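1. Provide a 3D model corresponding to the input given below.
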Amino acid sequence: MATVVARQARTLDTQKRLMRAMEKLSAEKGSDNVTVNELIQEAGQKNESALQYHFKNKEGLLAAIHKSRFTQTQTKRREMLTEALAKNNSLSVRDLCHLMVDPTFQLCKSDPGHRQWANAWGAKNAAIVSPTLEEDTVDEGNSLQIIRTFLKASLPHLDDSMFEDRYLNVVRFSNLSMSNQTREKGGFRGKKADLFLSRLVDSIVGLFMAEVSDETEVYLKTA
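-> This is a model prediction of the structure:
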């Protein structure tokens, strides 16, 4: 039994080393520019067999990293949503928008690895083409779906199509903003960090709350 436990511990340690090394190098130079040799050296491994054994290839490693970070974010969001609903079961639009971005902000604030992940892939995550996020697939508590449902009910001026369009733009804007903030020195410390978060929430509230213009209504009728 002790041997099995020790083997499992070594396996987890190697996987974490490879994942953290990939995040670090990707934040520095972009994941497409990271070579396997650089990755192996940064992770303190002897040869490429470690990558092949645990993840098959770089694509498998990247998939594991994203799933891990999405899961981490969703765990934090479920905790924050549960706490918010315990205090007030009628959340405002601003409360809900805060819950969309604050989990990532708090993780970037406390976890250097999460900052590297947001730095390396924030812009790419901002290029999503569907509002059905990868995060949804790892969110057993459906925290994002709960937030979306509350938001939709709070925004009666938006029909289904317009709501989905704005939701997607909010996700894109939030990912890009958070990624840019990771490049700021001390971007998640002190009053400037709190101001960044508050302004980000202001912006996405504005995106959701803006009235649909007469011009847009005309285009919608002819589209």
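
2. avg pLDDT for stretch 100-117?
-> Mean per-residue pLDDT for stretch 100-117: 95.

3. Let's see that stretch as PDB, backbone CA atoms only.
-> These are the backbone C-alpha positions of stretch 100-117, laid out as PDB (Å, rounded to 0.1, in the frame of the first residue of the first chain):
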ATOM      1  CA  MET A 100     -19.000  36.400 -13.500                       C
ATOM      2  CA  VAL A 101     -15.500  38.000 -13.100                       C
ATOM      3  CA  ASP A 102     -14.600  38.100  -9.400                       C
ATOM      4  CA  PRO A 103     -13.700  34.300  -9.100                       C
ATOM      5  CA  THR A 104     -11.000  34.700 -11.800                       C
ATOM      6  CA  PHE A 105      -9.800  37.900 -10.200                       C
ATOM      7  CA  GLN A 106      -9.500  36.400  -6.800                       C
ATOM      8  CA  LEU A 107      -7.700  33.300  -8.100                       C
ATOM      9  CA  CYS A 108      -5.300  35.600 -10.100                       C
ATOM     10  CA  LYS A 109      -4.800  37.500  -6.900                       C
ATOM     11  CA  SER A 110      -3.900  34.500  -4.800                       C
ATOM     12  CA  ASP A 111      -2.400  32.000  -7.300                       C
ATOM     13  CA  PRO A 112       0.600  32.900  -9.500                       C
ATOM     14  CA  GLY A 113      -0.100  29.900 -11.600                       C
ATOM     15  CA  HIS A 114      -3.600  31.100 -12.400                       C
ATOM     16  CA  ARG A 115      -2.200  34.500 -13.300                       C
ATOM     17  CA  GLN A 116       0.200  32.800 -15.800                       C
ATOM     18  CA  TRP A 117      -2.700  30.800 -17.200                       C
END
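
4. List the buried residues for that stretch?
-> 100-108, 113-117 (16 or more other CB atoms under 10 Å). For every residue, glycine as well, the C-beta is placed using N, CA and C.

5. just curious, which of those is nearest to residue 173?
-> Of all the buried residues of stretch 100-117, residue 173 sits closest to residue 101, with 9.7 Å by CB to CB.

6. can you map out the helices along the protein?
-> 2-29, 36-42, 49-55, 58-87, 93-110, 112-125, 143-154, 160-181, 190-209, 214-222 (DSSP state H).

7. which strands and helices sit next to the fourth one?
-> In terms of contact count using 3 or more CB pairs under 8 Å, 6 or more residues apart in numbering; DSSP states H and E, helix 58-87 is assigned the packing partners helix 2-29, helix 36-42, helix 49-55, helix 93-110, helix 112-125, helix 143-154.

8. Rebuild those helices as a markdown table, extending it with distance to residue 163.
-> Output for these, formatted as a markdown table (distance: least, CB to CB, whole Å):
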| stretch | distance to residue 163 |
| --- | --- |
| helix 2-29 | 33 |
| helix 36-42 | 41 |
| helix 49-55 | 38 |
| helix 93-110 | 12 |
| helix 112-125 | 21 |
| helix 143-154 | 6 |
